[in-house]
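>>> return a 3D structure for these sequence lines:
(one chain, ligands or ions: 1)
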Amino acid sequence: MKRIWRLLMYVRPYVLYSLASVVLMAIVGAMAAFRILLVKPIFDNVLSPDAPPGLVLLFRIPHTDHVINLQWLLPSHFHNAWTVVAVALVGSAFLKSVCDYFGTYLVNRAGFGMITDLRNDLYNAVLRRSVAFFQKHTTGTLLSTLINDIEKVQFAMSSVMSDFLQQFFTLVFTAIAVVIVGGKLAWVLLLFLPVVILSARRIGRGVRQTTRKGQDKLAEIQNILHETITGNRIVKAFGMEMWEMNRFRRAARRLFDANLKSVKVQAISSPLMDLIASMAIALLLLLGRVSIQHKQMTAGSFITFLIAVFTLYDPVRKFAAFYNSFQQALGASEDIFRFMDAQDDVQEKKRAFALKGFSKGIEFENVGFAYESEEGETKQVLRGINLTVHPGEVIALVGPSGAGKSSLVNLIPRFFDVNEGRILIDGYDLRDVTIDSLRKQIGKVTQETVLFNDTVRNNIAYGQPDVPLSRVQEAAQMALAHDFILRMPDGYNTKIGEKGLRLSGGERQRLAIARAILKNAPILILDEATSALDTESEQYVQAALANLMRGRTVFVIAHRLSTVRKATRIAVIEHGQISEMGTHEELMRHSGTYRRLYDMQFSDVAPVVAGNGEGVVTVEGIA
Ligand SMILES: Nc1ncnc2c1ncn2[C@@H]1O[C@H](COP(=O)(O)OP(=O)(O)OP(=O)(O)O)[C@@H](O)[C@H]1O
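As a prediction, this is how the structure comes out:
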């Protein structure tokens, strides 16, 4: 109920459109019933040569002597039966068509309007969620909610809603026509009502179940497509085309079976209803003949009655589909609202103040951190971290894989919050300052370079669209990217494809470095790329990084000896704790973990395995 109410709140700005469309659709329904009523005068007056000229009777109000004549609805100078019926027929068709057109337009106007607002709100909410949220929910689930769930609500609130209103009013007015024209005969229909309703419900349930299965199978196919298109290089490198094709074929077969099952259930409805209808007609014919003999009914009114009864069937049948669609939209809105309402672990205090700059340093005071799974289980990854970093220092973090290095640096921009101790920036607890002002102080260059499908200029000036080109170029020069950018077809205006596919790994990294240089944040978090570039690229990237690091306070997850050597201090992280700290020379003298790691990882002879993304593997030495 709360969900329906919440969805309706989105309709509120469009309530005038909705009300107008309800009125217009009511007219459409009334006109549909009126046109059925015209069948009687067509048979009894227009097509009957023996009919006496005069008033054209439309129907008699049951249980009274009151009659409604067609002339009463039309200007008085129409007398001839054909003229009267023809004017009524064309006039009602015209009115129905006009109302249908504007009614449909207005329902859709309201439906699309509300869905646009809902989609914007959802996107805004999702975009602002914390990093933990994006780790909890897969890209597939988020995209599916943003696209498919919104689509379901949109479908229900636009196309289905307009059809529903039309069918609803057609049902109401035609039911009135059935009672008016049929009189006692209408009650016979009550005998068939339970059968129709029961079978429609059963078929509806069957259809719902089978369509849901079909949708699941379709999602399976979409997943395979998503995986193999984004990972097509891996598929090629491993020669898995045949295997993937077979996987796809099996999924397609399952979809085929599910669709056929659904058709089997759906296809039964029409013949079944035909059978019920034939039995009803047979019975009605018998009773109708008696009524006509006793002059209680004309042949024309009997046929009108039959047509009205048949017209009822369509809305009744469609109601199962409408119900289904509205249910699906409600189900989809549950996911939408769940994402919109998700409570972030990282929240800004109401009285948070803006950090003006960074000048005194960063302190980790007895910091502990745990990841929390969706089931509420916690996994402690950092404990008892004490570290004071002065402005301008370069802190290299080294340690075995999974020790907690990335987790530690992710605490600084508050991608996650500590659950023990605190982190201070210039003496202020991170949780006391606004997230925006904190993140303004921090630049980040990660292993995986994120580039957007936009121009080189906009990629470098990401977040600062108004920055002049000269400053973008300056940053690119410092990142040693200017020359290769100028060699591109449109220079700084060249569009980079999805994920920067037109660029080499080294070029991508240098663009990311240029972006960080332009941001000019005093604190820098660097996650050095593990995969080695070719020597020349590597030198460029190293030089660009040196330019970027100059004058900044840097936390670097180091994989290269050159970086480690240049660091002011090295912190060795093991099992979530700092086990050693000092300069390269100090730690080498110590003969502890660092020395062991150094021998394994950083010595000149130690090879590093590097891939070029195409699966072709090379073995190179580093350092
Ligand atoms: N979102 C998460 N949820 C739960 N556990 C996580 C999450 N991210 C990382 N972990 C776990 O936390 C531990 C520390 O991971 P972290 O990425 O900080 O290590 P790391 O030292 O940076 O490793 P690497 O050098 O391989 O990147 C690992 O055991 C990892 O499995």
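>>> can you tell me the closest non-neighbouring residue to Met273?
Excluding its sequence neighbours, the residue lying closest to Met273 (Cβ to Cβ, 6 or more residues apart in numbering) is Tyr313, at 6.4 Å. For glycine as for every other residue, the C-beta is placed from the backbone atoms N, C-alpha and C.
>>> OK, contacts around the one you found?
196, 273, 277 (Cβ atoms under 8 Å, 6 or more residues apart in numbering).
>>> now the residues you listed in TSV, with distance to the ligand, secondary structure and pLDDT?
As requested, the contacts of Tyr313 are arranged in TSV below (distance: Cβ to the nearest ligand atom, whole Å; DSSP: H, G, I helix; E, B strand; the rest coil; pLDDT from 0 to 100):
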residue	distance to the ligand	secondary structure	pLDDT
Val196	55	helix	78
Met273	55	helix	78
Ala277	60	helix	80
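>>> among these, name the buried ones.
Among those, those classed as buried by 16 or more other Cβ atoms under 10 Å are 196, 273, 277.
>>> please tell me how far the last one sits from Val15.
Same thing as Ala277. 40 Å (Cβ to Cβ, to the nearest Å).
>>> how is the chain partitioned into domains?
Here the domain parsing of the chain from automatic domain parsing is 2-208+271-341, 391-401+433-607.
>>> what residue in the stretch 201-350 of the chain comes nearest to the ligand?
Residue nearest to the ligand within the stretch 201-350 of the chain (Cβ to the nearest ligand atom): Asp345, separated by 11.5 Å.
>>> using the three-state scheme, assign that residue.
Secondary structure for Asp345, judged by DSSP: H, G, I helix; E, B strand; the rest coil, is coil.
>>> per-residue pLDDT of it, please?
Note on Asp345: pLDDT of 80.
>>> so what's it up against?
By Cβ under 8 Å, 6+ apart, the neighbours of Asp345 are 130, 132, 372, 416-417.
>>> farthest-separated two in these?
Considering Cβ to Cβ, no two members of the contacts of Asp345 lie farther apart than Ser130 and Glu372, which are separated by 11.8 Å.
>>> what packs against the helix or strand containing Leu260?
Assigned by DSSP states H and E, Leu260 belongs to helix 241-293. With contacts taken as 3 or more Cβ pairs under 8 Å, 6 or more residues apart in numbering; DSSP states H and E, helix 241-293 sits against helix 184-230, helix 299-341.
>>> now the last one against helix 184-230, angle please.
It refers to helix 299-341. For helix 299-341 against helix 184-230, the angle by axes from the mean of the first three to the mean of the last three Cα atoms, to 10 degrees is 40 degrees.
>>> now helix 299-341: average pLDDT?
Helix 299-341 comes out at a mean pLDDT of 84.
>>> check the offset of it from the chain's centre.
For helix 299-341, the distance from its own C-alpha centre to the chain's C-alpha centre is 26 Å (Cα atoms, centre = their mean, to the nearest Å).
>>> now the strands for the protein?
Secondary structure of the chain (DSSP state E): strands located at 57-60, 67-69, 362-372, 378-389, 394-398, 420-425, 428-429, 442-445, 523-527, 553-557, 569-574, 577-582, 607-611, 617-621.
>>> kindly reformat those strands as JSON lines containing mean neighbour count, distance to the ligand and mean pLDDT.
Converted to JSON lines, the strands of the chain look like this (neighbours: other Cβ atoms under 10 Å; distance: least, Cβ to the nearest ligand atom, whole Å; pLDDT from 0 to 100):
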{"stretch": "strand 57-60", "mean neighbour count": "19", "distance to the ligand": "72", "mean pLDDT": "71"}
{"stretch": "strand 67-69", "mean neighbour count": "13", "distance to the ligand": "73", "mean pLDDT": "74"}
{"stretch": "strand 362-372", "mean neighbour count": "18", "distance to the ligand": "3", "mean pLDDT": "93"}
{"stretch": "strand 378-389", "mean neighbour count": "16", "distance to the ligand": "4", "mean pLDDT": "92"}
{"stretch": "strand 394-398", "mean neighbour count": "23", "distance to the ligand": "8", "mean pLDDT": "93"}
{"stretch": "strand 420-425", "mean neighbour count": "18", "distance to the ligand": "16", "mean pLDDT": "94"}
{"stretch": "strand 428-429", "mean neighbour count": "14", "distance to the ligand": "22", "mean pLDDT": "94"}
{"stretch": "strand 442-445", "mean neighbour count": "22", "distance to the ligand": "14", "mean pLDDT": "91"}
{"stretch": "strand 523-527", "mean neighbour count": "22", "distance to the ligand": "8", "mean pLDDT": "92"}
{"stretch": "strand 553-557", "mean neighbour count": "24", "distance to the ligand": "6", "mean pLDDT": "93"}
{"stretch": "strand 569-574", "mean neighbour count": "22", "distance to the ligand": "6", "mean pLDDT": "92"}
{"stretch": "strand 577-582", "mean neighbour count": "17", "distance to the ligand": "12", "mean pLDDT": "91"}
{"stretch": "strand 607-611", "mean neighbour count": "14", "distance to the ligand": "14", "mean pLDDT": "37"}
{"stretch": "strand 617-621", "mean neighbour count": "11", "distance to the ligand": "20", "mean pLDDT": "27"}
